[in-house]
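# Structure for the following, please:
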Amino acid sequence: MDTQRAQTPEKRQVLRIFLASPGDLVAERRRAREVVDDVNKSTAESLGYFVELLGWEDTLPGADRAQDLINDDLMKCDLFVGMLWKRWGQSTGKSSSGFKEEFDLATELHKKHKRPEIWLFFKRVPVNDTEGAESQLCCVTEFKKSIVSAKSPFFKEFKSPGEWERKFRVWLTKYLHSRAVSSSGAARAARRTVAVKRDLAMKKRLLRALMKDAKKINWEEVRKDPRAQFAVPRVIIRSVDDNSYPGPGSSEAGISGWFKVDLWNFYYRGIELALAVEHGVTDEKGRWSVIEYGQSFDERRYRKIKMFRLGRIPFRNIVAMDTKGDEYYDEPHLFCRFQDGADGNEPYEGFRYVQNVHDFFWTMEPDLQFDIREQVERER
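Modelled structure (predicted):
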């Protein structure tokens, strides 16, 4: 009996193949096992798989009908490989042969569950090599005709055990690669689904904890100033890696590990914070630049403005929230992942600037931003 079941590595995904055929393909069945052993030591291992080949030889004895025990193994498999040559096999009491009962079961399972996948192969029969197998071969021929007529499943032919071994090795290797690609794509999709659900749950918690009651919100006022929607004006941002709280915030690089900051608005991926009021200039074409306080500029070409610099923290970077605060700060505490950013470790994924124009806040277009210091240098 094959020993593959006892040798399956725990951390590799198992691909179970059921090999179905009558008893006249002994050489091909042996070579199939040799191929599986070789593939397990090379391709399968590198792709994180272990191939387990099952057939009637591997079925454990039991009190039930023999074919039922074989069928139990088939029902666990991911791939059904069926081979026929001159023999059809003997009746099982439920079907004209064991192969036919196995093929029908695999087909039924595939229709219901999309597994196992079905591979079907016919070994070519020489014209002068049919003596003594006419009735058996007739059943094989009729079955093949039914497959051709139904155009499903797609089948292949081979001439010899050596050709079968070469082809099976190529097909199995390609199949493992395709499953590995599909599995990695499915894993990415699954991780993305979990992340989306997690972000939506965090958004719901933040809305419930930070927003005013909907009946108390003046939406016309919010349209002018989004801060009017919040029940609390500010929050405490804390890095999950910070140990300095409540003392002076410290960080080897970048911003402090914790700080108090004003809320501004929600955006499609997270929450915005008002970080600072910045001085800037703009020209008649709408181009704008941040300037340092007291920095000189050509007042004939530029008009001085004030802007809010907003930091955007995505929901994915907010790990947990303490809505009650503590004895030091009773504002809600948002515990965040800090990551590498423009200013070192920070919770933001980006920034934007807004300007108050006629009692409304307007976004400063990133495409119109320039560095006035660089322009002055070029004009000198």
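# Show me which residues of stretch 32-39 are buried.
For stretch 32-39, a neighbour-count test (16 or more other Cβ atoms under 10 Å) marks 32, 35-36, 39 as buried. In this view, the C-beta of every residue, glycine as well, is placed from N, C-alpha and C.
# Go through those residues and say which is closest to residue 161.
Using Cβ to Cβ, residue 32 is the member of these that sits closest to residue 161, with 9.7 Å.
# sec struct for the closest one, please.
Following DSSP: H, G, I helix; E, B strand; the rest coil, we place residue 32 in the helix state.
# residue contacts, it?
When the contact criterion is Cβ atoms under 8 Å, 6 or more residues apart in numbering, the partners of residue 32 are 19, 53, 81, 164-165, 168.
# Just the helices from the stretch 251-380 of the chain, written as ranges.
Secondary structure of the stretch 251-380 of the chain, counting by DSSP state H, counting those that start in this stretch: helices at 372-379.
# what bits of it have low per-residue confidence?
Per-residue confidence of the stretch 251-380 of the chain (counting by pLDDT under 70) places the weak regions at 251-254, 340-344, 376, 379-380.
# try it again with 80
Across the stretch 251-380 of the chain, the ranges flagged by pLDDT under 80 are 251-255, 340-344, 374-380.
# what about the residue most central in space within the chain, which helix or strand?
Within the chain, the residue whose C-alpha comes closest to the C-alpha centroid is residue 188; the distance, by Cα atoms, centre = their mean, is 1.1 Å. Residue 188 is located in helix 161-210, with elements delineated by DSSP states H and E.
# Which of the buried residues of stretch 32-39 sits closest to residue 290?
Nearest to residue 290 among these, with distances taken as Cβ to Cβ, is residue 39, at 61.0 Å.
# Was I right to think that closest one contacts residue 169?
Yes. Taking Cβ atoms under 8 Å as the definition, residue 39 is a contact partner of residue 169 at 6.9 Å.
# Got the domain ranges for the chain?
The chain breaks down by automatic domain parsing into domains covering 4-187, 216-379.
# okay if I get these as a markdown table plus distance to residue 196?
Output for these, formatted as a markdown table (distance: least, Cβ to Cβ, whole Å):
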| stretch | distance to residue 196 |
| --- | --- |
| domain 4-187 | 15 |
| domain 216-379 | 10 |
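# what sits against the closest residue to residue 371 other than its chain neighbours?
Beyond its immediate neighbours in the sequence, the residue positioned closest to residue 371 (Cβ to Cβ, 6 or more residues apart in numbering) is residue 289, lying 6.0 Å away. With contact set as Cβ under 8 Å, 6+ apart, residue 289 has these partners: 280-282, 369-372, 375.
# Any of those residues buried? List them.
Buried residues within those, counting neighbours by 16+ other Cβ under 10 Å: 280-282, 372.
# would TSV of the residues you listed with distance to residue 261 be doable?
As requested, the buried ones among the contacts of residue 289 are exported to TSV (distance: Cβ to Cβ, whole Å):
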residue	distance to residue 261
280	21
281	26
282	26
372	27
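# Among those, which one lies nearest to residue 311?
Using Cβ to Cβ, the shortest approach to residue 311 within these belongs to residue 280, at 17.0 Å.
# And for the closest residue to residue 360 other than its chain neighbours, the neighbour number?
Ranked by Cβ to Cβ, 6+ apart and with sequence neighbours excluded, the top spatial neighbour of residue 360 is residue 224, at 5.4 Å. With neighbours defined by other Cβ atoms under 10 Å, the count for residue 224 comes to 14.
# what do you get for residue 366?
Taking other Cβ under 10 Å as the definition, residue 366 ends up with a neighbour count of 11.
# The chain should start at 510 in everything you say after this.
In the new count, where the first residue is 510, that last one comes out as residue 875.
# need the contact list for it.
residue 861.
# okay but the residue nearest to residue 869 is in contact with residue 868, surely?
Yes. In this structure, residue 733 is within contact of residue 868 by Cβ under 8 Å, at 5.4 Å.
# Show me what residue 748 bridges to in the sheet.
residue 845 (DSSP bridges).
# related to what we said a few turns ago, the residue nearest to residue 869: what's it in contact with?
With Cβ under 8 Å, 6+ apart as the criterion, the residues that contact residue 733 are 868-870.
# Flag the shaky bits of the stretch 610-759 of the chain, pLDDT-wise.
Ranges of the stretch 610-759 of the chain meeting pLDDT under 80: 636-642, 692-696, 758-759.
# if you set the cut-off to 90 instead, what comes out?
Low-confidence segments of the stretch 610-759 of the chain (pLDDT under 90): 635-644, 660-663, 688-703, 751-752, 756-759.
# that older thread, now, among the buried ones among the contacts of residue 798, which is nearest to residue 739?
Within these, proximity to residue 739 (Cβ to Cβ) peaks at residue 789, which comes in at 25.7 Å.
# that older thread, could you tell me which of the buried residues of stretch 541-548 are located in helices?
Secondary structure assignment (DSSP state H) places 541, 544-545, 548 from the buried residues of stretch 541-548 within helices.
# Reformat the residues you listed into TSV and put distance to residue 835 and pLDDT next to each item.
What follows is these, written out as TSV (distance: Cβ to Cβ, whole Å; pLDDT from 0 to 100):
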residue	distance to residue 835	pLDDT
541	67	96
544	65	96
545	61	96
548	59	94
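# would you list those in TSV and tack on distance to residue 704?
Converted to TSV, these look like this (distance: Cβ to Cβ, whole Å):
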residue	distance to residue 704
541	42
544	40
545	37
548	35
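# What is the nearest of these to residue 628?
Taking Cβ to Cβ as the measure, residue 628 lies nearest residue 541 of these, at 11.2 Å.
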